[in-house]
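**Student:** Requesting a structural model of the entry that follows:
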Amino acid sequence: MKNINLLFLLICTLLVTVFFSSCSKFTKAMSDPNWRERDKVAQKYYEEGDYYRAGLLWEDVVPIVKGDPRAEDIQFKYAYCHFYQKQYLLSAYYFKNFYFTYRRSPNAPEAYFMNAFSLYKDSPRVHLDQESSKEAIQAFQDVINTYPETDYAKRASNHLDELRAKLELKAFENAELFYNLGRYKAAVIALENFQKEFPDAPQLAEAAFLRLKSEYDLSKNSIYSKQKERYEISKTYYFYLIDRYPQSPFVKDAENIYENIEKALKNIEKGEVIDIKEKDKKDPKKITTSEGSAGESE
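**Tutor:** Here you go, the predicted structure:
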């Protein structure tokens with residue numbers, strides 16, 4: 001038991017000694033006015049995987065080494081220090097800066113790719129703002145255009161597909177949200193934009209059905225003078241869905257909506273449809289306050 005305690009104490013003492021020795025080495029390097037000495041220590045920390053200390057030591061070195069043979073290696077690794085610490089926007093900036101400074105460097109293609117990959121890593125979850133995703137898409141496309149025959153182009157292409165799928169889902173969810181909130185006009189516009197911007201999206205059939213449903217619900221909640229026109233538009237959306245996606249699981253529900261549209265148009269021809277607003281005036285309890293009904297009824 002005594003031997004175990006002694007061994008434990010010895011290990012602790014050794015660890016404390018190493019820790020303070022390391023701290024002392026780092027503190028000394030940070031205060032060394034000779035940037036080459038700081039660079040040597042930073043290089044060792046980098047090789048050991050201590051990117052935090054390496055980055056701190058190189059932070060003041062980077063601006064003063066321009067033109068020196070060591071500058072290229074320092075700036076390249078300094079960008080990686082930020083990347084490994086998950087500071088992706090900073091790493092994107094420094095990789096891009098490296099590329100435009102050292103275009104003839106053998107590390108230039110990697111830096112160009114890592115700029116895009118850093119933006120990709122900064123891309124948030126689907127429900128959040130996707131500005132970083134859009135920047136990453138453009139950056140990956142630039143990699144493909146600049147280095148089309150390299151492995152970086154293949155990797156960029158794979159990440160492009162993933163990011164585009166994320167933007168597709170985000171755009172569709174936004175349109176779906178408009179519908180759920182009863183904002184049928186906004187839903188129709190969002191769905192039309194979705195179909196134009198993402199012609200290969202897997203949600204196209206569902207988007208076509210939701211557009212039909214949105215226009216149909218908008219028609220039902222419109223004033224009498226606009227109902228016929230909007231029901232006719234709904235019919236064109238129905239025919240679009242049936243023509244483009246005849247095997248989709250939404251066809252049956254679309255047919256039910258079409259039957260209701262035909263009934264509504266026949267009633268309008270007979271003059272049997274009551275103006276919704278006039279009806280609501282007679283029965284105040286039925287007045288709707290949702291933006292989708294009252295707000296978009298005109």
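**Student:** Which helix or which strand is home to Lys213?
**Tutor:** Per DSSP states H and E: Lys213 is located in helix 204-220.
**Student:** contacting residues around that helix?
**Tutor:** 172, 175-176, 178-179, 182, 184-185, 187-188, 191-192, 194-195, 198, 201, 227, 230-231, 233-234, 237-238, 240-241, 244-245, 248-250, 253-254, 257, 260-261, 264, 292, 296 (CB atoms under 8 Å, 6 or more residues apart in numbering). Yep, even glycine has a C-beta here, placed from its N, CA and C like the rest.
**Student:** mind running it again at 7 Å?
**Tutor:** Under the criterion CB atoms under 7 Å, 6 or more residues apart in numbering, residues 172, 175-176, 179, 184-185, 187-188, 191-192, 194-195, 227, 230-231, 233-234, 237-238, 240-241, 244-245, 248, 250, 253-254, 257, 261, 296 lie in contact with helix 204-220.
**Student:** Could you list the buried residues of it?
**Tutor:** 204-220 (16 or more other CB atoms under 10 Å).
**Student:** Quick one: the helices in the stretch 51-200 of the chain, in order.
**Tutor:** 51-59, 71-84, 88-101, 108-122, 131-146, 151-180, 184-197 (DSSP state H, counting those that start in this stretch).
**Student:** among those helices, which is nearest Glu269?
**Tutor:** Across these, Glu269 has its closest neighbour in helix 184-197 (23.6 Å, CB to CB).
**Student:** who does the strand or helix carrying Tyr238 touch, helix- and strand-wise?
**Tutor:** Using DSSP H and E, Tyr238 maps to helix 224-244. When contacts are defined as 3 or more CB pairs under 7 Å, 6 or more residues apart in numbering; DSSP states H and E, helix 224-244 sits against helix 204-220, helix 251-270.
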